[in-house]
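[1] test case, fold it:
(one chain, ligands or ions: 3)
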Amino acid sequence: MKLTLTTRPLETQANDACIVFVQNKKPLLSGNPELAALLEERIKKTGFSGEFAQTLVFPTFGKIKTENIILAGLGESKEFRMEYLERAASAAVRAGKSAGIKNFATTTETGPGKVPDAAFVRAVARGAAWGTYRFDTFKTEKKKRDTFSLTFAGACENAAACRKALTEADLESQALLSTADLANLPGNECTPQKVATWAQKMARETGLTCSVLNKADLQKKNCNALLAVAAGSAQDAKIITLKYKGTNPKAKPVVLVGKTITFDSGGISLKPGKGMGWMLYDKCGGMAVLAVLQMVARLKPETPVIGMLTVAENMPGGTATRPGDIVKSHAGKTIEILNTDAEGRLALCDALSLALEHKPTAIVDLATLTGACIVALGHTASAVIGNSSELTAALLKAGAAAGERLWELPLWKEHMDDMKGTFADLQNIGKSGTAGTITAAAFLAHFIPDSVPWAHIDIAGTAWEESSKPWTDPGATLFGARTLMEWITGLK
Ligand code: BES
Ligand code: ZN
Ligand code: ZN
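    Ligands and ions are numbered 1, 2, ... in the order given. This next block holds a predicted model:
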């Protein structure tokens, strides 16, 4: 999507459609009371609810220069969250797209009061770009790829900040949309090797460095927990490391680790058939990390960033890991694998101990780790669990600003003890069978020294959308990428 800013007022814009947000059933249009009054009348007449992500497209018949108006509901102001704005913008573009509209205009004057103009521009531009996305790689008859544009018209309270926000949104959207094409590929297409080739190409194009540990390298490094996950698959495991240098040569890096299971059948602890197909999205932690690395490569924040993808396919082949097997991890801790479907933590623990070798100021891992997270929080929020209240607070703040909802869960000694093994140091499922999301994090915490700030984000409920929503088609959401980018940009 082509994104532009102009200081000329909205009324002078001859676009196909103008997007106006509606909050508390009122059109937000502070700079244009006349048009606002007309729209308010229209809202009353049509009974447009103004609920979040509701849209209404109608023609202006020459009353103003733009040919159509698209109303986009934000719901009530007391419930407002940044994700509503981003998603409502996406819904508006999707509604416009179905009406044949390609060139959109909007204005910061339609922003909710408490959102600064620059934040409004960033969220709306990113949402609008997402609204143009379609995953049609496997459609034999592809629809024509239209080019879409969005112009922000009128005065901005801080023009330089708005321009910067627009560039950020543009580069972020390019990263999100290109990574979504990889994240949406099914397991037969998106093998660990394919992820590695994709990462290497992206690194070449953006100036990142990329290195890949293959099976033999992982064996040499004793990454036997990760290797155990791939043991039953014809595809070898890998750890892919992408490095962004940062603009401050003195700064130490942050490391982002992404669970990248290209397909999770459960292994010998086979998952039930119903719904198993969704497990092609078990790579989405790694996909979000790929998106962030692409963003930092282009937007060049101060802080160096290292992205690590721990990649494997979890299959029940003849050489697969058996429940009861014991392996020794890279860190030297032994693990009883009592359930081969709890494979994410096995893949992550080796990558986390390798991450420590980079002497990071913080480690954040992102993983579709537990079904229990969906039981606890549903599909509206991801769980965050960590060993540093500062880091957790920073991520919660970044999530709120970036339009991704995070909710903290505790990590107590009892949870740590629950993961201690009978015959080995640790076991990969808890003895109590309770607190599934927390005990999974507790397993990981056994690999992190207290001195290193670490946070784990469980994106099981948020990494993909299973049905069509006003703001998106079904498929990968790349949840986590926006929050981590917001967090990294704020680090000094
Ligand atoms: N990838 C799954 C978690 C998952 C389930 C993500 C549903 C999204 C939707 C993970 O590898 C898994 O299977 N976890 C098990 C852990 C259990 C065996 C302790 C789970 O959640 O059932
Ligand atoms: Zn699993
Ligand atoms: Zn999994």
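[2] my guess is Leu166 contacts Leu5, does it?
    Yes. Contact criterion CB atoms under 8 Å: Leu166 and Leu5 qualify, at 5.7 Å. Where C-beta positions appear, they are placed from N, C-alpha and C, glycine not excepted.
[3] between these two, which contacts overlap?
    By CB atoms under 8 Å, 6 or more residues apart in numbering, Leu166 and Leu5 have these common neighbours: Val121, Phe152.
[4] more neighbours: the two, which one.
    For the pair Leu166 and Leu5, the greater number of neighbours falls to Leu166 (22 against 19), based on other CB atoms under 10 Å.
[5] contact partners for the more buried one?
    Residues in contact with Leu166 (CB under 8 Å, 6+ apart) are Leu3, Thr4, Leu5, Val121, Arg122, Ala125, Phe152.
[6] could you measure from the closest residue to the fourth one other than its chain neighbours over to ligand 2?
    Excluding its sequence neighbours, the residue lying closest to Val121 (CB to CB, 6 or more residues apart in numbering) is Ala165, at 4.3 Å. Ala165 sits at a distance of 39 Å from ligand 2 (criterion: CB to the ion, to the nearest Å).
[7] the one helix or strand Thr151 maps to pairs with which strands?
    Assigned by DSSP states H and E, Thr151 belongs to strand 149-153. Using DSSP bridges, strand 149-153 pairs in its sheet with strand 2-6 (parallel), strand 103-107 (parallel).
[8] just name the most buried of the ones you listed.
    Of the strands paired with strand 149-153, the one with the most neighbours on average (mean count of other CB atoms under 10 Å) is strand 103-107, at a mean of 26.
[9] avg pLDDT for it?
    Regarding strand 103-107, the rounded mean pLDDT is 96.
[10] output the contacting helices and strands for the helix or strand that that strand is followed by.
    Reading on from strand 103-107 to the C-terminus, the next helix or strand found by DSSP H and E is helix 117-131. Counting contacts by 3 or more CB pairs under 8 Å, 6 or more residues apart in numbering; DSSP states H and E, helix 117-131 is packed against strand 2-6, helix 82-98, strand 149-153, helix 159-183.
[11] what's the closest of the ones you listed to ligand 3?
    For the helices and strands packed on helix 117-131, distance to ligand 3 was read as CB to the ion. The smallest value, 14.7 Å, belongs to helix 159-183.
[12] just want the angle from the helix or strand following that closest one to helix 159-183.
    Next helix or strand after helix 159-183 toward the C-terminus (DSSP H and E): helix 192-206. Counting by axes from the mean of the first three to the mean of the last three CA atoms, to 10 degrees, helix 192-206 points 150 degrees away from the direction of helix 159-183.
[13] list of residues touching helix 192-206?
    By CB under 8 Å, 6+ apart, helix 192-206 touches 178, 182, 185, 208-210, 212, 230, 235-238, 240, 242, 260, 262, 283, 286, 290, 293-294, 297-298, 309, 311-313.
[14] mind listing the strands the helix or strand following it pairs with, and their directions?
    Per DSSP H and E, helix 192-206 leads on to strand 209-213 as the next helix or strand towards the C-terminus. According to DSSP bridges, strand 209-213 has the following sheet partners: strand 238-244 (antiparallel).
[15] now for the helix or strand just after the strand it pairs with, which elements pack on it?
    For strand 238-244, the following helix or strand on the C-terminal side (DSSP H and E) is strand 254-264. Under the contact criterion of 3+ CB pairs under 8 Å, 6+ apart, strand 254-264 touches helix 192-206, helix 284-299, strand 305-314, helix 344-356, strand 362-367.
[16] can I get the ones you listed in TSV with mean neighbour count?
    TSV is the format used below for the helices and strands packed on strand 254-264 (neighbours: other CB atoms under 10 Å):
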stretch	mean neighbour count
helix 192-206	18
helix 284-299	28
strand 305-314	29
helix 344-356	27
strand 362-367	29
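[17] okay, Lys252: pLDDT?
    We note a pLDDT of 97 for Lys252 in this prediction.
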